[in-house]
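Participant: Here is my input; please provide its structure:
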Amino acid sequence: MKTWKVVVAKPGKKAEIREIPATYKALSELVGGHIELTEPVSDDTAVICNEEGKLLGLEPNRGLYAEDGRLLDIYCGTIVCIGARQEDEDFSSLTDTEIAVYMMMYGDPEFSVKAEEGAEA
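Facilitator: Just a heads-up that it's a prediction; the model follows:
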């Protein structure tokens, strides 16, 4: 079975490198719903998130920043960093360099979620 090498970042957790089945179903299961492509770091990659993550109230995950460092948006729910080369008809594995870039960007959790009052942590 064909696989893709990706970087997966869940809210509040360190990012990890994974090899997943090369299917849209696998991507959809990782993000918990319909997939949405967002602003890539390069022309050869994409960041995938749940299309309705904010509407569903998924946990804040990582920020999306402008080149000058301004926070533009916040990914909610799990994100998947994947290869998206124009010459490929489908997604593809990240290269080792692309993995290193995404691990530097998203390796550590960015937002912490407070437990609701009265809830146990």
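Participant: Dead centre of this protein: give me the residue that sits there.
Facilitator: Centroid check for the chain by C-alpha atoms, centre = their mean gives residue 79 as the closest residue, at 2.0 Å.
Participant: which residues touch the residue lying closest to residue 1 once chain neighbours are set aside?
Facilitator: In space, and not counting its chain neighbours, residue 1 is closest to residue 21: 6.0 Å by C-beta to C-beta, 6 or more residues apart in numbering. Heads up, the C-betas are built off the backbone N, CA and C, glycines and all. Listed by C-beta atoms under 8 Å, 6 or more residues apart in numbering, the contact set of residue 21 reads 1-4.
Participant: Who wins on neighbours among those residues?
Facilitator: Across the contacts of residue 21, the neighbour count under other C-beta atoms under 10 Å reaches its highest value at residue 4, namely 20 neighbours.
Participant: and it, what are its bridge partners?
Facilitator: For residue 4, the beta-bridge partners under DSSP bridges are residue 20.
Participant: Please tell me how far it sits from residue 73.
Facilitator: As judged by C-beta to C-beta, to the nearest Å, residue 4 and residue 73 stand 24 Å apart.
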